[in-house]
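Asks: what's the 3D shape of this:
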Amino acid sequence: QVQLVESGGGLVQPGGSLRLSCAASGFTFSSWSMSWVRQAPGKGPEWVSQINPGGSSTRYADSVKGRFTISRDNAKNTLYLQMNSLKPEDTALYYCARVNYATADYWGQGTQVTVSS
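Replies: Prediction:
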C-alpha cells in the first residue's frame, strides 16, 4: 500500500533553516509528481510546492518562493523540502502528498514545524 512518512520537523528560531524529508513506498515513486502541503493551526490546508516525476520542474506558492526548495531523490524514493529564512507564519504541520492529476490522492501523517523565538 502507498505510504508516505515525513520527518525533519522541529522548533527553529526565525531566520533559521530546516530540511524536511518524505520517505515513499508502495508505488513507483519516480513516476509521480509530488507536493508539499501545510496546515497552520485553525486554518485550511495550503499548497506549498510541487515537483514533477523527474525533478526537472518545480513550482512554489508565492509565500515561500525564494526561501524554500523542493527536490527529490528517485533512487532513494525520497522527497525533500529545504526551508530557509523561516518566519513565524511558516509554523504548520507539513505534509507530503502524491499528486494525481490536479489532486493529492495520498498524504503522509505530517511533521510539525514551529518557528518561534
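
Asks: now do the SS call for the residue nearest the centre of the chain.
Replies: For the chain, residue 36 is the residue whose C-alpha lies nearest the centre (CA atoms, centre = their mean; 3.0 Å). Following DSSP: H, G, I helix; E, B strand; the rest coil, the label given to residue 36 is strand.

Asks: quick check: phi and psi on the residue lying closest to it once chain neighbours are set aside?
Replies: Closest residue to residue 36 apart from its sequence neighbours, by CB to CB, 6 or more residues apart in numbering: residue 48 at 4.3 Å. Placement of C-beta: from N, CA and C, glycine included. Per-residue torsions, residue 48: phi -110, psi -50 (degrees, to the nearest 10).

Asks: distance of residue 48 from residue 69?
Replies: 11 Å (CB to CB, to the nearest Å).

Asks: helices and strands of this structure: which one bottoms out on pLDDT?
Replies: The helix or strand of the chain with the lowest confidence, counting by mean pLDDT, DSSP states H and E, is strand 103-107 at a mean of 91.
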